[in-house]
Every structure is written in C-alpha cells, then in structure tokens.
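Asks: Starting from these lines, generate the structure:
(one chain, ligands or ions: 1)
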Amino acid sequence: MIEVKEAHTAVIVVDVQGDFTFCNQGSLAVEGTDQAYVDCVEAETRRLKALGYPVFATQDWHPHNHMSFFSNHEGKSAFDTISVNDGIQVLWPPHCIQDTENARVLVDNTLFESIVQKGMDPQYDSYSGFFDDGGHRTGLEDQLRDRGINKLIVYGLTTDYCARATALDARSLGFEVVLIKQLCRGVAEETTRAALEEMAAAGVSVL
Ligand SMILES: [Zn+2]
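Replies: Residues are numbered from 1 along each chain as shown. All right, here's what the predicted structure looks like:
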C-alpha cells in the first residue's frame, strides 16, 4: 500500500488587533479596517475552524519602551525611518502596548489554539510571527511542527509588514503558504503591491 501523505493545514490570523483598525480608532489604523472587515475575518476564521483546521493568532505585544515607537527616539516623528543593525526600521506611533484594550485580538479568542505574542523585547521589532529581528523564536514554529502542520493559510494585518514577514518566514521554514489577499489590509498601496509580488516570487500562493 502506498501511503499518501495528506497536507496538514493550519490557519494563521496575523495581528487583527484594535490598534490596527479604524473601527477601534487604532493608533496605527490601516485603510479598509472597518467593522465589516473584522466581521468578515471572524466569519472566515470560524468557517475554517469548523472545517477542522487548527487556528493560531499572532499578536503584536510591545512594552512602553519599544524601539519601534517614534516617541522613544528624540526628535523623530511617526513614519520616519532609522538605521538599525540589519537595515531600516520604520518608526510607528505607539501601538499594541501590553495589557491595553487596543492590543486585544479582535477575532473571538476562543477560536484559537493559541495566541502567539511577539515584539516583547524592547530592542527588536518583530513583524514576523516566527522570529523577531534579533532572530529569537516566538514558539510558533514549534507549535505547528508539534501538530505535524506543513501548510499554512495566512491572512490579517498588515499585508505589507506582518502578514508579509510571517508568510516569507513560513516559506523559508519550508511551509506551503496560501495568503488570502481579500482578508488582508496594507499600510500603503505601494508597499502592499511590492509585498504581494515579493511573496508570490517566494512561492506564496496569493489568493
Ligand atoms: Zn508593532
């Protein structure tokens, strides 16, 4: 008998948090994140969960003194950039501060196997759900491997930063990745377009 190895698929809902949405007057709200968007993400997540896919969330979870906040850099404004060890860091308005209301994941939390937090180290940003910019693991990969997962369905916020980084890292870790574009929103049009191209070039199936 030939054993057919079926794909073991999980869902990753990236950073659908108050501070990234207009419906919660988020400090870093991105275009197209009204209540209808959040409801749509929740409905699709519920549907995928009902189909039997384990669902994970990622959550930006920063301390007050996080390096990605412009307010922690003398004389800098929101969306300025600075050079860091390995490249360019965009400086953001303070967002997703630990234990604040707008750091909450907006999708029904009972749908998730776990909520993987990232960006807790004040020294490093962490767009990716897998590693921070210092290369420290979040634990997401281990949780997926423990369940024998080899394929991921990814969506959330934002297309050009955290969904992009999570999808690209997943590819480099050997996962098959499907990105559901309709359930993602980007910070800016140009970087969103570039991110979609980059993901497709890395073998992400963009749906
Ligand atoms: Zn952040």
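
Asks: Tell me how far residue 63 lies from residue 80.
Replies: Distance, residue 63 to residue 80, by CB to CB, to the nearest Å: 21 Å. Every residue, glycine included, has its C-beta placed from N, CA and C.

Asks: Residue 160 now?
Replies: With CB to CB as the criterion, residue 160 and residue 80 are 17 Å apart.

Asks: now do residue 32
Replies: Relative to residue 80, and taking CB to CB, residue 32 is found at 24 Å.

Asks: isn't residue 149 right up against residue 176?
Replies: No: using CB atoms under 8 Å, residue 149 is not in contact with residue 176, being 9.9 Å away.

Asks: more neighbours, these two?
Replies: Taking neighbours as other CB atoms under 10 Å, residue 149 and residue 176 compare with residue 149 leading, 21 against 16.

Asks: pLDDT score for that one?
Replies: pLDDT, residue 149: 97.

Asks: returning to what we had before: more crowded one of residue 160 and residue 80?
Replies: Neighbours were counted for residue 160 and for residue 80 using other CB under 10 Å; residue 160 has more, 24 against 13.

Asks: Give me the three-state assignment for the nearest residue to that one once chain neighbours are set aside.
Replies: Distances taken as CB to CB, 6 or more residues apart in numbering place residue 191 nearest to residue 160, at 3.9 Å, with adjacent residues excluded. Of the three states, residue 191 takes helix under DSSP: H, G, I helix; E, B strand; the rest coil.

Asks: count of neighbours near residue 191?
Replies: 17.

Asks: Against residue 123, how distant is it?
Replies: For residue 191, the distance to residue 123 (CB to CB) stands at 24 Å.

Asks: Then residue 59?
Replies: Applying CB to CB to residue 59 and residue 123 gives a distance of 19 Å.

Asks: quick one, strands of this protein?
Replies: Using DSSP state E, the strands of the chain run over residues 9-14, 55-60, 81-84, 87-90, 114-118, 151-156, 176-179, 205-206.

Asks: could those go into a markdown table alongside distance to residue 185?
Replies: Compiled in a markdown table, these are given as follows (distance: least, CB to CB, whole Å):
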| stretch | distance to residue 185 |
| --- | --- |
| strand 9-14 | 11 |
| strand 55-60 | 15 |
| strand 81-84 | 21 |
| strand 87-90 | 17 |
| strand 114-118 | 19 |
| strand 151-156 | 8 |
| strand 176-179 | 13 |
| strand 205-206 | 14 |
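
Asks: wait, which of those is closest to residue 27?
Replies: Nearest to residue 27 among these is strand 55-60 (11.5 Å), distances taken as CB to CB.

Asks: Many thanks, I have nothing further to ask.
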